[in-house]
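# Please work out how this folds:
(one chain, ligands or ions: 1)
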Amino acid sequence: MQVKILGSAAGGGFPQWNCACPNCRALRAGKFRGKARTQTQLAISADSTSWFLLGASPDLRAQIEATPELCPRNNENATRQSPIAGAVLLNADIDHVFGLLLLRELQPLSAYATESVRRIISEDNSMFAMLQRVPGQLTWTNFTPRKTFRLLAPSGENSSLHCRALSLGTHFPAYVSSQRRSELASGEASLGLIVDSPSGKRLAYMPAVPKITDELLKEFNSVDVLLFDGTFWSDDELMRIQGSGQTAQQMGHVAVSSPTGSLAQLAQLKRPRKIYIHINNTNPMLNEASPEHRQVRDAGWEIAEDGWQFDL
Ligand SMILES: [Zn+2]
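Numbering: from 1, shown residues only. Take a look at the predicted model:
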């Protein structure tokens, strides 16, 4: 399985359009030791021909153009075609699903989501009907947390990628009405994904983790690569920088630092290669000259950048 990290920032990207935090200011001034990043987006493939997106970020158009494998191939018989076979959606956040709207040009696609996430997207947001204008355009498949499901191309062809979603967060996005919320299953709100490669190797993709449980630790010890929530360095990061707002915890993210942070809690993991992803523009570890960056690297973690890829 090939894994491509097309984007590695949290919602808003880095720099973020309305942010003048020390990181965003320094980056715009050309004085930042570190890289700009687009909003988190992954693509995986077992055969290098057919690709599945994990999430569908608002930056997807530029991310596709920056990735030759995801661009249409020379084909005299079909001008309109894409190597993108579908997308697995792990929550209904705008920065995780907006990109679907960018794929609306009548391309057959498979979409995988929990029943709750599918209902929010396709029943409550009428714009997404653009993806279902003709038969066979977007085919939804529901998955249930903990149960294994296969990724199939719209033609029904088996990608030989096997997935299992883990229930992580219970909060639906703020735009979901209270009426709709009352009809949904909270365990279907925000998920992480375990992907089994045909090679026997295993990937964990966990962009939003509110709490590290013993069950999660056990799962993480069974994977070869862990892509983990690196949104915030500290729990009060946004409140300190903005002067108001929510804690990382309230937003569904365990912070990287502190005794209860992911750096400390995941130090015991021996097996996986550990990579932080979904990094907010305020996070000091983005600055490669910072002590926070050094601390993370010294602990054996990597910090994802756009364009990274690896084989599993
Ligand atoms: Zn910023």
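# The worst-scoring helix or strand of the chain on mean pLDDT vs the ion: in contact?
The weakest-scoring helix or strand in the chain, judged by mean pLDDT, DSSP states H and E, is helix 237-242 (a mean of 90). No - using CB under 5 Å from the ion, helix 237-242 stays clear of the ion, with a minimum separation of 7.5 Å. Using the backbone N, CA and C atoms, a C-beta is placed for each residue, glycine as well.
# now the strands: where do they sit in the chain?
2-7, 41-45, 51-54, 84-88, 109-113, 138-142, 148-152, 158-169, 190-196, 202-206, 225-229, 273-277, 302-303, 309-311 (DSSP state E).
# Let me have those strands in TSV, extended by distance to the ion, mean pLDDT and mean neighbour count.
As requested, those are arranged in TSV below (distance: least, CB to the ion, whole Å; pLDDT from 0 to 100; neighbours: other CB atoms under 10 Å):
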stretch	distance to the ion	mean pLDDT	mean neighbour count
strand 2-7	16	98	22
strand 41-45	19	98	24
strand 51-54	25	98	25
strand 84-88	28	97	25
strand 109-113	30	97	24
strand 138-142	34	97	18
strand 148-152	35	97	17
strand 158-169	23	96	19
strand 190-196	23	98	23
strand 202-206	23	98	24
strand 225-229	18	98	25
strand 273-277	17	98	21
strand 302-303	16	98	18
strand 309-311	27	98	12
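# could I get those strands as TSV with distance to residue 63?
Output for these, formatted as TSV (distance: least, CB to CB, whole Å):
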stretch	distance to residue 63
strand 2-7	4
strand 41-45	5
strand 51-54	9
strand 84-88	11
strand 109-113	16
strand 138-142	19
strand 148-152	19
strand 158-169	20
strand 190-196	18
strand 202-206	16
strand 225-229	16
strand 273-277	14
strand 302-303	18
strand 309-311	13
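# just to revisit the earlier point, check which residues of the least confident helix or strand of the chain are buried.
For helix 237-242, the neighbour count (16 or more other CB atoms under 10 Å) marks 237-238, 241 as buried.
# Restricting to C-alpha, output that helix in PDB.
Only the C-alpha atoms of helix 237-242 are listed here, as PDB (Å, rounded to 0.1, in the frame of the first residue of the first chain):
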ATOM      1  CA  GLU A 237      -3.200  27.200  23.300                       C
ATOM      2  CA  LEU A 238      -6.000  28.900  21.500                       C
ATOM      3  CA  MET A 239      -7.300  30.700  24.500                       C
ATOM      4  CA  ARG A 240      -3.800  32.100  25.200                       C
ATOM      5  CA  ILE A 241      -3.300  33.200  21.600                       C
ATOM      6  CA  GLN A 242      -6.800  34.500  20.800                       C
END
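# Please list all residues in contact with the nearest residue to residue 64 once chain neighbours are set aside.
The shortest distance from residue 64 to any non-neighbouring residue, by CB to CB, 6 or more residues apart in numbering, is to residue 70 (4.6 Å). Residues near residue 70 by CB atoms under 8 Å, 6 or more residues apart in numbering: 6, 43, 51, 63-64, 82-84.
# repeat that with 6 Å
51, 64, 83 (CB atoms under 6 Å, 6 or more residues apart in numbering).
# what mean pLDDT would you report for the lengthiest helix in the chain?
Using DSSP state H to define each element, the chain has its longest helix at helix 115-124. Helix 115-124 carries an average pLDDT of 97.
# Could I get the buried residue list for that helix?
For helix 115-124, by 16+ other CB under 10 Å, it's 116-122.
# Check stretch 257-270 too.
Under 16+ other CB under 10 Å, the buried positions of stretch 257-270 are 257, 261-263, 265-266, 269.
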